[in-house]
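S.K.: Pasting the sequence and the predicted coordinates here, then a few questions.
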Amino acid sequence: MKRANTFDVVPQSDEDEGLLRRLLDASAALWNEINYERREHYADPDGDVWEISEYRGRYGGVLGASTVQQIERKNREAWKSFFSLRKKGEANGKPGFWGNAEEGRELRTYIRNTSYSVEWGEYSRLEILVGKDLKDEYELGHRERLRLEVRGDPNWEEYDKQGRLELFYDEQAQSFRAFQPVTIGEDHSRLAHPLASEEAALDIGANNLVACTTTTGQQYLYEGRELFERFRETTREIARLQSLLEEGRYSSHRIQRLYDRRTKRRDHAQDALARDLIERLYDEGVSTVYVGALTNVLETHWSVETNAKTHNFWAFRAFVNRLACTAEEYGISVEVRSEAWTSQECPNCGSTEDTTRHRDTLTCPCGFEGHADLVASETFLRRHQNSPSSGWRTRREASRQRQTTVTRSMARPVCLKWDNHDWLESSRSPRPNEEHTNPQVASVGR
Ligand SMILES: [Zn+2]
């Protein structure tokens, strides 16, 4: 089983930080040179992208031979994936550069699995190989490695094999980060088991990335307005730059950078969301999570254009995979189910025709008023709860179940905001569903 650890890397002195920056910057310079050469060969009808110069001579002294080899390999992988995507008609540009010398390079490197070690304990640390020239310059011993402090909670302290380490400077978090893939044998896996067999349902959107209701009566709302706005801004900027391109050109360095940044930003937020949510659900004793198939929800009240953008933003399948991978660590299963109508259904009287949605609020002539996305996740949960095989039920069945299922009362929703690093509980929670406080509704009963 493949798993990954992510952690912060903290240099303990200015010298160490200087050395680390030199190492990452030289790696980016090497990547850019290799990539430039490949792009030249690609543009040349007689060129062969797989033929590249020998770089060890110039970069080995700083990076060490094994890191030169890792960067070459990583770049080759990027081009392989470009060609295979192009075959499927999905490629959106040749592999990009890691910044440039003028505007600053992206600080990043890849270290071979045998060229680093991580130790977790009271003083957790990472030791990485650096080239001979850097050792001389920073007065490291001949056999010494650069030692850095690491902070964070590894998901996997014990593993059978460690993979190539990715080490980079995270501009948004203003810190060095490491991504360490590891392989865990079945017998060593410490997969958690769900604490109970509660269930949860997710409603996925753009303004609110995820609205979630659990059978324990918890509700979570992950705010996405700002993230989505930034995504749209970058998308507009890409379109503007594309319209300025000379005829016959499809992309540029800047456009590629924007694509990359847009993707990284989203992936970062999605990864963190999946982990934050699954950990909360695990604590609630959830064993099954229902995720609505996105198309149905969007078609009902969103324009085609917004639909396309949301799809693009969410990379829905990728997000569900991410969620499923994280859930697997906790023994939680993720099931994609039809979500038709749930976003318009009144949880009180079952009407779908008479309800109206204005911004985040769903109102019904019967007197119900509540947060639309949270209500949708609640309705969706009720529809699939304890019925793993039904998938779809008729309105009448749904309405009968509504009358017979004892729904525990909902706690005040937990509202989470992205601060570019973590999802933090926001003090400004949405109003809980009015059904518990609105006397008019209370008199209708369930
Ligand atoms: Zn109603």
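M.R.: Now that the structure is in, tell me what you want to look at. Since we're looking at a predicted model, the values are computed, not measured.
S.K.: Moving C-terminal from the host helix or strand of residue 234, which element do we reach first?
M.R.: In the assignment (DSSP states H and E), residue 234 maps to helix 225-243. Note on helix 225-243: by DSSP H and E, the next helix or strand toward the C-terminus is helix 253-283.
S.K.: Tell me the residues of the protein that contact the ion?
M.R.: Residues of the chain found near the ion (CB under 5 Å from the ion) are 346, 348, 349, 351, 364, 366, 368. Using the backbone N, CA and C atoms, a C-beta is placed for each residue, glycine as well.
S.K.: CA atoms only: put stretch 166-173 into PDB for me.
M.R.: Presented in PDB, the C-alpha positions along stretch 166-173 are these (Å, rounded to 0.1, in the frame of the first residue of the first chain):
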ATOM      1  CA  GLU A 166      10.000  15.900  -2.500                       C
ATOM      2  CA  LEU A 167      11.400  19.000  -0.700                       C
ATOM      3  CA  PHE A 168      10.100  22.400  -1.600                       C
ATOM      4  CA  TYR A 169       9.500  25.900  -0.300                       C
ATOM      5  CA  ASP A 170       5.800  26.600   0.100                       C
ATOM      6  CA  GLU A 171       5.300  30.200  -0.800                       C
ATOM      7  CA  GLN A 172       1.800  30.400   0.600                       C
ATOM      8  CA  ALA A 173       2.800  28.900   3.900                       C
END
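S.K.: on that earlier part again, if any of the residues of the chain next to the ion are buried, give me the PyMOL selection for them.
M.R.: To isolate the buried ones among these in PyMOL, judged by 16 or more other CB atoms under 10 Å, type:
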select buried, resi 346+348+349+364+366+368
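S.K.: In helices, which of the residues of the chain next to the ion fall?
M.R.: Per DSSP state H, helices hold no members of the residues of the chain next to the ion.
S.K.: Turn the residues of the chain next to the ion into JSON lines, including pLDDT.
M.R.: Formatted as JSON lines, these follow (pLDDT from 0 to 100):
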{"residue": "346", "pLDDT": "88"}
{"residue": "348", "pLDDT": "86"}
{"residue": "349", "pLDDT": "88"}
{"residue": "351", "pLDDT": "87"}
{"residue": "364", "pLDDT": "92"}
{"residue": "366", "pLDDT": "92"}
{"residue": "368", "pLDDT": "90"}
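S.K.: Dump the residues of the chain next to the ion into JSON lines; add distance to residue 163 as well.
M.R.: Putting the residues of the chain next to the ion into JSON lines (distance: CB to CB, whole Å) gives the following:
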{"residue": "346", "distance to residue 163": "50"}
{"residue": "348", "distance to residue 163": "52"}
{"residue": "349", "distance to residue 163": "55"}
{"residue": "351", "distance to residue 163": "53"}
{"residue": "364", "distance to residue 163": "53"}
{"residue": "366", "distance to residue 163": "56"}
{"residue": "368", "distance to residue 163": "52"}
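S.K.: List the buried residues for the helix holding residue 234?
M.R.: 227, 228, 231, 232, 234, 235, 238.
S.K.: And stretch 148-162, by the same measure?
M.R.: 148, 150, 154, 155, 156, 159, 162.
S.K.: residues in contact with the helix holding residue 234?
M.R.: Here helix 225-243 makes contact (CB atoms under 8 Å, 6 or more residues apart in numbering) with 206-207, 209, 250-252, 254-255, 258-259, 261-262, 265-266, 269, 309-310, 312-313, 418.
S.K.: so how far is it off the chain centroid?
M.R.: 19 Å (CA atoms, centre = their mean, to the nearest Å).
S.K.: tell me the angle that helix makes with helix 253-283.
M.R.: Using axes from the mean of the first three to the mean of the last three CA atoms, to 10 degrees, the direction of helix 225-243 lies 160 degrees away from that of helix 253-283.
S.K.: quick one: residue 378 from the ion, how far?
M.R.: 13 Å (CB to the ion, to the nearest Å).
S.K.: I should have written residue 11 there, sorry.
M.R.: Distance, residue 11 to the ion, by CB to the ion: 59 Å.
S.K.: How about residue 176?
M.R.: Taken as CB to the ion, the span from residue 176 to the ion is 53 Å.
S.K.: What number of residues are in the vicinity of that residue?
M.R.: 22 (other CB atoms under 10 Å).
S.K.: What of residue 271?
M.R.: Residues within reach of residue 271, counting by other CB under 10 Å, total 17.
S.K.: can you pull the contacts of the nearest residue to it once chain neighbours are set aside?
M.R.: Distance criterion CB to CB, 6 or more residues apart in numbering; nearest residue to residue 271, sequence neighbours excluded, is residue 322 at 6.3 Å. By CB under 8 Å, 6+ apart, the contact list for residue 322 reads 270, 271, 274.
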